[in-house]
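1. sharing a model prediction with you, sequence too.
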Amino acid sequence: MIVILAEKPDQARKLASPFPHTKGNGFLSIQSCKEFPNGATVTWAIGHLVELKEPEEYRPEWKKWDLATLPIIPGQFEYKVSKDKAKQFQTVKKLLKEADEIIIATDPAREGENIARLLILMAGCSKKRIKRFWTSSLTENAIRKGFAELKDGKETIHLFHEAQARQIADWLVGMNASRLYTLLLQQKGIRDVFSVGRVQTPVLKLIYDRQKEIEQFRPEPFYELEGQFTVKNGTYRGKLNKRFSSLDELYETVRPDITKEQQTYQAVIKSVRISEKRTPAPKLHSLSTLQSKLNRTKKFSPTKVLELVQSLYEKGYVSYPRTDSQYITEEEYTYLQKYVNQYQQCLDIHVPIRSLQPSKRYVNPEKVSDHYAIIPTEKVPDTKAFETFSSDEKEVYYEILKSTLAMFMTDYVYDETVIITSVGKQEFVTKGRTEKEMGWKALYQNEKDEESEGEQVAILPEVKEEESAKADISVKQGMTQPPKPYTQGQLITLMKTAGKYVEDQEMKEALNQVEGLGTEATRAAIIDTLIQRRLIEVKKNQVFVTKKGEILCEAVKGTILSKPEMTAKWELFLQEIGKGNRSKEVFIEQAKKLCYALIQQASQDVERIDAKQALEEIKKENTIAPCPRCQKGYIVDRKTFYGCTEYANGCKQTFPKSILGKNITKTHVKQLCEKGKTNKIKGFKGKKSFDAYLTLQKGEIQFTFQ
């Protein structure tokens with residue numbers, strides 16, 4: 001009996017769909033067919049069915065958070081079945097026990113390997129014959145091909161060792177460091193729980209550093225000299241390519257050609273240079289570039305993008321999403337070329353195709369390891385299929401289609417004109433652009449490039465060298481601007497390019513080699529974790545560190561936990577484990593040593609925190625409104641509900657975080673406390689969906705409809 005182990009129910013249905021099959025309770029039965037003469041059974045995990053045990057499951061005394069029990073290091077790490085998934089585990093275990101051969105068909109990556117191998121381990125079936133199904137696409141052809149070209153399970157076992165090493169080391173650091181810093185900060189009166197991790201904490205520190213840079217920025221005035229030039233065929237503007245810190249400096253530099261007293265001057269066109277510029281289409285999308293692009297253009301969060309593209313992958317319309325590659329091989333290029341016309345029909349756009357010959361900018365097998373770039377599959381949705389897409393799924397699919405079609409199109413071509421106009425010895429520069437061929441940009445006509453946002457393209461009159469001009473000179477005054485807070489999309493890019501923030505050349509190269517902090521699969525989750533732990537908050541797509549996050553950053557400042565270097569070292573080591581070149585046991589021992597080192601250092605680090613000021617800032621940040629019931633305390637966020645700070649003294653005023661399927665926000669609570677009524681809230685889910693106002697009457701929330 002062959003048992004095929006998928007990661008999720010949807011994936012299992014997709015794997016069984018090319019073959020005749022029937023549905024069972026927790027599995028699908030494939031009937032006898034060419035690929036499976038004796039049939040097969042497809043069953044599934046529900047994500048992580050198996051997880052590491054909690055500290056108290058090793059020793060009861062580890063349940064209580066106590067500095068005396070740190071570090072928490074089990075003699076041997078053990079796994080357990082998630083309580084809420086026990087029923088499906090029993091189904092999987094029974095089938096695996098009956099199997100003669102197991103085919104692992106979870107996501108083709110480190111964590112997919114981990115999910116499957118832990119299930120097999122917990123079922124006691126590790127010694128059975130294991131094969132590996134490995135494909136970046138879930139179309140019918142790709143599935144058939146994948147089952148025809150199964151790998152031996154020994155080829156991917158090292159990915160399991162890599163995932164185990166990562167999982168255990170992160171457990172050690174997260175469990176010990178979180179308890180350590182929480183307890184030390186509580187000793188100083190800051191009663192909160194602080195989540196610390198080897199990836200999330202360096203990311204938090206990078207956001208904090210940008211925030212400090214903005215706070216400490218002091219705007220300074222600057223002066224620029226501009227000219228409006230009048231020639232026979234019209235007018236144009238130009239400016240001196242230099243900024244000055246004062247008017248005195250400006251005039252001292254440009255005198256005697258330009259003086260304060262005189263405003264209009266004779267000028268001459270010194271040179272006119274016209275050069276053709278060509279911009280090729282952007283590279284194909286990796287997950288990070290897709291997340292960054294859709295956050296910038298559609299304000300989708302990175303997590304939302306991952307969920308949407310994963311859904312499209314499971315439906316068979318796009319290739320594997322958790323990829324860091326922006327390249328494909330000739331094999332993918334061949335089928336993409338075949339379906340170019342259908343892809344254009346999906347977009348309802350018909351654009352000229354440059355060439356059907358592959359370019360190394362996109363097609364490069366040497367830069368494709370396990371997975372290629374995110375591209376559409378040969379399964380092209382028809383009108384009926386498109387009706388099953390959500391509007392957001394359509395946006396994601398369109399972006400993937402556009403990036404793929406752009407690869408076949410001509411370059412964006414324009415003439416760049418640079419005019420140098422002289423007033424005495426002072427040279428004013430004017431730049432303009434004349435578009436000649438839109439090429440791939442025809443796909444993005446309603447969209448601004450990231451590089452050209454804010455750029456205004458000048459329309460210039462026809463001019464000749466040595467032509468005379470009249471110059472009206474003016475001084476433009478401005479103020480230097482601070483850097484902007486990161487957006488969620490920029491955070492993804494920041495994590496990927498974290499190497500540029502490291503001074504040590506060896507570590508910089510290491511970070512570049514592992515492509516920064518986190519992996520394509522985990523970066524969105526890291527941002528979510530920081531939000532859920534109230535270490536950062538997102539306002540209008542910009543990311544800010546909370547007061548709680550600032551306290552943690554100050555506490556870990558200078559430690560290895562605050563720096564990207566540790567993750568670089570770890571990821572390099574993990575990659576070597578995945579290749580079979582290094583030992584997971586050595587890696588875990590290093591993580592244990594780090595836990596001991598942190599305990600020795602942390603007390604000194606936390607001592608420098610100004611607890612009184614920190615407490616005031618947290619209180620101020622958490623306060624939503626004065627309590628309408630006792631009128632002494634303040635309503636604050638208590639994680640699962642909103643409640644009064646005078647609760648211990650008898651005030652029982654609370655507000656829920658959701659009512660009939662609608663989230664109750666801090667703004668709603670503030671309105672109830674201060675005005676007694678919210679604005680209209682749409683979409684409460686009763687027997688029918690309805691809209692209503694919330695009002696506060698004698699401390700209780702009521703619905704009103706006018």
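-> That came through fine.
2. okay, the strand or helix carrying residue 297 in PDB with CA atoms only?
-> For residue 297, the element it lies in under DSSP states H and E is helix 287-298. Output in PDB follows, covering the C-alpha atoms of helix 287-298 (Å, rounded to 0.1, in the frame of the first residue of the first chain):
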ATOM      1  CA  LEU A 287       8.000  36.000  -2.800                       C
ATOM      2  CA  SER A 288       9.800  39.000  -1.300                       C
ATOM      3  CA  THR A 289       9.600  41.200  -4.400                       C
ATOM      4  CA  LEU A 290       5.900  40.300  -4.900                       C
ATOM      5  CA  GLN A 291       5.200  41.200  -1.300                       C
ATOM      6  CA  SER A 292       7.000  44.500  -1.600                       C
ATOM      7  CA  LYS A 293       5.400  45.400  -4.900                       C
ATOM      8  CA  LEU A 294       1.800  44.600  -3.800                       C
ATOM      9  CA  ASN A 295       2.300  46.400  -0.500                       C
ATOM     10  CA  ARG A 296       3.500  49.500  -2.400                       C
ATOM     11  CA  THR A 297       0.800  49.400  -5.000                       C
ATOM     12  CA  LYS A 298      -2.200  47.800  -3.200                       C
END
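3. mind listing what's buried in that helix?
-> Of the residues in helix 287-298, 287-297 count as buried by neighbour count, 16 or more other Cβ atoms under 10 Å. Every residue, glycine included, has its C-beta placed from N, CA and C.
4. then stretch 321-329?
-> Neighbour-count burial for stretch 321-329, counted by 16+ other Cβ under 10 Å, picks out 321-328.
5. could you point out the longest strand of the protein?
-> strand 264-279 (DSSP state E).
6. what packs against it?
-> Here strand 264-279 touches strand 221-231, strand 412-423, strand 426-437, strand 468-479, going by 3 or more Cβ pairs under 8 Å, 6 or more residues apart in numbering; DSSP states H and E.
7. how about residues contacting the last one?
-> When contacts are taken as Cβ atoms under 8 Å, 6 or more residues apart in numbering, the neighbours of strand 468-479 outside the stretch itself are 219-231, 239, 247, 250, 258, 263-269, 421, 423, 428.
8. pull out the buried residues from stretch 404-422.
-> By neighbour count with 16+ other Cβ under 10 Å, stretch 404-422 contains the buried residues 404-414, 417, 419-422.
9. same check on stretch 425-437?
-> Neighbour-count burial for stretch 425-437 [16+ other Cβ under 10 Å]: 426, 428, 430, 432-433.
10. put together a markdown table for those residues, with distance to residue 589 and pLDDT on each row.
-> Formatted as a markdown table, the buried residues of stretch 425-437 follow (distance: Cβ to Cβ, whole Å; pLDDT from 0 to 100):
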| residue | distance to residue 589 | pLDDT |
| --- | --- | --- |
| 426 | 67 | 96 |
| 428 | 66 | 97 |
| 430 | 64 | 95 |
| 432 | 63 | 91 |
| 433 | 59 | 88 |
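11. nearest to residue 662 among these?
-> Residue 662 has its nearest neighbour among these in residue 433, at 49.0 Å by Cβ to Cβ.
12. next one: the closest one from residue 239, what distance?
-> The gap separating residue 433 from residue 239 is 17 Å, by Cβ to Cβ, to the nearest Å.
13. ok, residue 4 - contacts?
-> Residues near residue 4 by Cβ under 8 Å, 6+ apart: 12, 15, 30, 40-43, 103, 105, 133.
14. now name the helix or strand holding it.
-> Here residue 4, judged by DSSP H and E, is contained in strand 2-6.
15. that strand: what's the following helix or strand?
-> helix 9-16.
16. send the alpha carbons of that next one over as PDB?
-> Provided in PDB are the C-alpha atoms of helix 9-16 (Å, rounded to 0.1, in the frame of the first residue of the first chain):
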ATOM      1  CA  PRO A   9      -6.400  19.100   2.700                       C
ATOM      2  CA  ASP A  10      -6.500  21.400  -0.400                       C
ATOM      3  CA  GLN A  11      -3.100  20.100  -1.400                       C
ATOM      4  CA  ALA A  12      -4.200  16.500  -1.000                       C
ATOM      5  CA  ARG A  13      -7.200  17.100  -3.200                       C
ATOM      6  CA  LYS A  14      -5.000  18.700  -5.800                       C
ATOM      7  CA  LEU A  15      -2.600  15.700  -5.800                       C
ATOM      8  CA  ALA A  16      -5.400  13.300  -6.200                       C
END
